[in-house]
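Engineer: structural data only, the sequence is not supplied:
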């Protein structure tokens, strides 16, 4: 049962990131004006990250109970804890800053682009973490 839950949480994280990045985000910016698309995405992101927080928290617990190791030494739950920390950072720090710049009409500014690039890198890293943890 714990192994099933571990795989479920990994699949949830992977599916959420891939769906949002490959399907939802591009379509929103194609169909809506940039300002409306940004407003919609800014309203989605808190829930997007809350789902990921729940999934990484459940994953941490499952991996702790399974006592899996990475490279025969590192407890695997530490990797899921890193994913959880990255998601919390995105929700608490990056998302409000990005939304503020977007609402101020600075969606094309260098500061916005830097924050957005950081957010995409964190999302990619969380995807990689979930893929590695699904594999072990």
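Structural biologist: Received, thanks. What you are looking at is a predicted structure, and each value in this text was computed from that prediction instead of being measured.
Engineer: so for the longest helix seen in the chain, what's the average pLDDT?
Structural biologist: Across the chain, the longest stretch assigned as helix under DSSP state H is helix 34-66. The average of the pLDDT scores along helix 34-66 is 91.
Engineer: quick one: buried residues of it?
Structural biologist: Neighbour counts using 16 or more other Cβ atoms under 10 Å place 37-38, 41-42, 45, 48-49, 52-53, 55-64, 66 of helix 34-66 among the buried residues. Yep, even glycine has a C-beta here, placed from its N, CA and C like the rest.
Engineer: the helices in this protein, which residues?
Structural biologist: Using DSSP H, helices in the chain cover 2-19, 25-31, 34-66, 77-89, 95-103, 110-135.
Engineer: which pLDDT value goes with the residue nearest the centre of the chain?
Structural biologist: The structure's the chain has its C-alpha centroid closest to residue 123; by Cα atoms, centre = their mean the separation is 4.5 Å. Per-residue confidence at residue 123 stands at 95 (pLDDT).
Engineer: do the same with the one 5 residues further on
Structural biologist: According to the per-residue confidence, residue 128 scores 96 in pLDDT.
Engineer: residue contacts, the residue of the chain positioned farthest from its centre?
Structural biologist: Note on the chain: the largest C-alpha distance from the chain mean falls to residue 72, namely 26.9 Å (Cα atoms, centre = their mean). By Cβ atoms under 8 Å, 6 or more residues apart in numbering, residue 72 lies in contact with nothing.
Engineer: ok, it to residue 136 distance?
Structural biologist: 11 Å (Cβ to Cβ, to the nearest Å).
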